[in-house]
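*Asks:* mind folding the following:
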Amino acid sequence: MKLSDLLKYDDIVIQCHDNPDADALASGYALYWYLEKMGKKPTFIYRGRNAIQKSNLRIMILRLSIPVYYEPDFREVPELLVTVDCQYGQQNVTRTEAEHVAVIDHHQCTVDLPELSEVRSNIGSCSTVIWDMIREEGISLDGDNIISTALYYGLYTDTNKLSEVAHPLDRDMIDALDYNKSVIMEMSTSNISLNELKITGKAILDYQYFRNHRYILIKAERCDPNILGVISDFSMETTGVDLCIAYYVSEQEVKFSVRSCTKEIHANEVAAFLSKGVGGGGGHLTKAGGTIRPEKLAPLVAAKGVSLDEFVTEEFRTRIDRYFNLFKIIYAKETYMDISEMVKYEKRPQIQGCVKLADVFPVNTMVEVRTMEGDVNFRIDEDKYLIIGIEGEVYPIAKAKLEKSYKLANQPYNRVFEYEPQIKNEVTGESKGVLKYAKAITSAGRARIYAKPIETYVKLFTVWDEDKYYSGVPGDYIAVREDDHHDIYIINGRLFDQLYKEAE
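*Replies:* Residues are numbered from 1 along each chain as shown. Sure, this is the predicted structure:
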């Protein structure tokens with residue numbers, strides 16, 4: 001769906017969920033701003049049992065002049081109703097009758113969606129979805145400090161102060177918005193009530209510590225999800241704790257926050273592991289979080305005959321223990337790979353992309369390469385290149401290895417990915433897409449690897465990055481270059497046959 005698809009309607013009502021948070025207010029406000037800019041006269045409402053009480057949200061509405069109205073008894077039947085940060089028919093939004101319905105959201109789909117819908121469940125906030133949709137309409141937010149501030153705060157709060165940002169589009173919005181830092185500070189320092197301070201203290205006092213894996217599990221009463229971040233941040237100051245999970249359980253959702261402080265544990269990976277199959281999670285290497293949908297757990301809870309609260313606590317313990325027991329850790333710099341049980345492969349003549357980084361920014365520039373897999377930071381030198389894989393994944397390579405393994409293809413490099421990798425100058429903030437600098441390359445057929453399927457879960461610290469591991473799961477391949485038995489890496493099992501064939 002495009003925002004312009006909504007313009008054929010005149011009587012438009014925007015509705016967010018019944019207990020609005022900053023993301024709901026921001027995304028609804030941005031949609032209101034767009035529709036007004038297009039000559040419409042929309043109405044922005046929320047319903048439910050209670051009007052907004054939280055101090056930070058009242059400040060947000062006042063300081064940013066958000067035209068939202070509390071309408072618990074709304075009786076009008078608009079030509080078009082647009083629900084933002086929620087889905088029409090969900091329990092958290094009072095049903096409003098309308099001739100037509102549209103949905104814009106970033107949560108997991110739990111109801112049947114109308115034809116007019118844009119739900120991106122892998123994005124950190126509905127604010128980001130709206131921002132990108134406005135951008136796709138060719139409209140710039142440059143100069144509109146108020147809308148930018150609202151959108152930034154929407155993402156800021158929905159990702160636990162940006163600690164759970166995982167998708168590169170979220171990071172792009174952060175970089176693009178010209179927001180008011182003083183207003184953000186005012187709102188973010190009014191986020192905890194005295195009651196929530198009490199919730200924080202009670203939760204920390206009732207911690208569970210598991211010495212075998214050095215992690216702490218903390219259950220809180222239902223609260224603003226940001227409070228979970230406060231709890232887990234504070235708890236990570238504790239000696240002997242490498243991992244903390246703080247969470248609350250409610251009938252509507254299970255929210256959790258993850259913190260880690262050792263390079264062998266990526267918080268975003270733990271968050272994804274805890275929510276796999278029952279919700280979603282992600283974030284950074286040291287800070288992450290997620291949501292679990294109670295309706296996904298209902299059959300399991302009923303089968304065990306326990307309360308949802310009891311089930312979630314036990315499930316977290318089970319999954320965390322399983323996570324720790326699954327992985328084998330390999331430090332490539334210290335490992336000389338035994339190839340006796342591995343098969344020799346060579347690259348198929350697959351068209352890939354190659355970018356000479358010095359063509360993008362000058363030598364010695366500190367850059368950040370942004371991809372779907374995360375951000376990678378390094379300094380450009382004359383011999384450093386990027387390889388662009390078949391799904392848009394990128395990785396650095398030295399000129400000598402590039403020339404040994406690849407050759408220029410006699411064709412232009414034209415590919416479309418879900419997200420185009422970006423390179424950002426860390427000093428100036430200037431960002432450039434890599435595809436316009438890319439040249440098509442194909443395997444030279446000289447460099448070969450030894451590889452075998454992985455039978456267990458692996459965390460691999462490569463020779464080119466000793467601080468961040470790459471995860472491998474059963475079905476993936478572990479590989480090593482024929483000419484360097486310390487150059488070990490993981491190859492996605494789904495892509496392996498597309499990339500390699502057994503050497504003759």
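
*Asks:* contacting residues around the closest residue in space to C354 that isn't next to it in sequence?
*Replies:* In this structure, C354 finds its nearest non-sequential neighbour in I441, 4.5 Å apart by Cβ to Cβ, 6 or more residues apart in numbering. Quick note: C-beta positions are derived from backbone N, CA and C, even for glycine. I441 makes contact with 351-354, 387, 406-409, according to Cβ atoms under 8 Å, 6 or more residues apart in numbering.

*Asks:* look up which helix or strand I441 falls in, please.
*Replies:* strand 439-443 (DSSP states H and E).

*Asks:* pairing partners for that strand, with directions?
*Replies:* Here strand 439-443 has these sheet partners by DSSP bridges: strand 352-356 (antiparallel), strand 406-408 (antiparallel).

*Asks:* please identify the buried residues of it?
*Replies:* Buried residues in strand 439-443, defined by neighbour count with 16 or more other Cβ atoms under 10 Å: 439-443.

*Asks:* can you add pLDDT and give those residues back as TSV?
*Replies:* Converted to TSV, these look like this (pLDDT from 0 to 100):
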residue	pLDDT
K439	92
A440	92
I441	91
T442	87
S443	80
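
*Asks:* and these, which is closest to L62?
*Replies:* Set against L62, the nearest of the buried residues of strand 439-443 by Cβ to Cβ is K439 (53.4 Å).

*Asks:* now, which of the buried residues of strand 439-443 sits nearest V111?
*Replies:* Distance to V111, by Cβ to Cβ, is smallest for A440 among the buried residues of strand 439-443, at 44.3 Å.

*Asks:* wait, what's in contact with that closest one?
*Replies:* A440 neighbours (Cβ under 8 Å, 6+ apart): 351-354, 408-409, 411-413.

*Asks:* ok, of those residues, which one's closest to Y179?
*Replies:* Checking these against Y179 with Cβ to Cβ, the nearest one is G353 at 33.8 Å.

*Asks:* what residues are bridge-paired with the closest one?
*Replies:* I388, A440.

*Asks:* was I right about it contacting R415?
*Replies:* Yes. The pair G353 and R415 passes the contact test of Cβ atoms under 8 Å, sitting 6.7 Å apart.

*Asks:* common neighbours of those two, please.
*Replies:* Common contact partners of G353 and R415 (Cβ under 8 Å, 6+ apart): 388, 435.

*Asks:* show me the helices in this structure, by range?
*Replies:* Using DSSP state H, the helices of the chain run over residues 22-37, 55-63, 126-136, 145-158, 168-176, 181-188, 194-205, 225-235, 267-275, 294-304, 308-326, 399-405, 493-499.

*Asks:* how about those in JSON lines, adding mean pLDDT, mean neighbour count and distance to P114?
*Replies:* What follows is the helices of the chain, written out as JSON lines (pLDDT from 0 to 100; neighbours: other Cβ atoms under 10 Å; distance: least, Cβ to Cβ, whole Å):
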{"stretch": "helix 22-37", "mean pLDDT": "96", "mean neighbour count": "25", "distance to P114": "16"}
{"stretch": "helix 55-63", "mean pLDDT": "93", "mean neighbour count": "18", "distance to P114": "28"}
{"stretch": "helix 126-136", "mean pLDDT": "96", "mean neighbour count": "24", "distance to P114": "16"}
{"stretch": "helix 145-158", "mean pLDDT": "94", "mean neighbour count": "25", "distance to P114": "23"}
{"stretch": "helix 168-176", "mean pLDDT": "90", "mean neighbour count": "20", "distance to P114": "24"}
{"stretch": "helix 181-188", "mean pLDDT": "92", "mean neighbour count": "14", "distance to P114": "33"}
{"stretch": "helix 194-205", "mean pLDDT": "88", "mean neighbour count": "14", "distance to P114": "36"}
{"stretch": "helix 225-235", "mean pLDDT": "86", "mean neighbour count": "23", "distance to P114": "28"}
{"stretch": "helix 267-275", "mean pLDDT": "88", "mean neighbour count": "23", "distance to P114": "27"}
{"stretch": "helix 294-304", "mean pLDDT": "89", "mean neighbour count": "13", "distance to P114": "20"}
{"stretch": "helix 308-326", "mean pLDDT": "92", "mean neighbour count": "16", "distance to P114": "30"}
{"stretch": "helix 399-405", "mean pLDDT": "85", "mean neighbour count": "15", "distance to P114": "49"}
{"stretch": "helix 493-499", "mean pLDDT": "88", "mean neighbour count": "14", "distance to P114": "33"}
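
*Asks:* H106: which of these is closest?
*Replies:* helix 126-136 (4.8 Å).

*Asks:* gap between that closest one and the chain center?
*Replies:* Centroid separation for helix 126-136 versus its chain: 15 Å, with Cα atoms, centre = their mean, to the nearest Å.

*Asks:* do stretch 198-216 as well
*Replies:* Taking Cα atoms, centre = their mean, one finds stretch 198-216 lying 26 Å from the centre of the chain it belongs to.

*Asks:* tell me who's in contact with the closest residue to A272 other than its chain neighbours.
*Replies:* By the measure of Cβ to Cβ, 6+ apart, the closest residue to A272 outside its immediate chain neighbours is G281, 5.1 Å from it. Counting by Cβ under 8 Å, 6+ apart, G281 touches 164, 256, 258, 268, 271-272, 274-275, 288-291.
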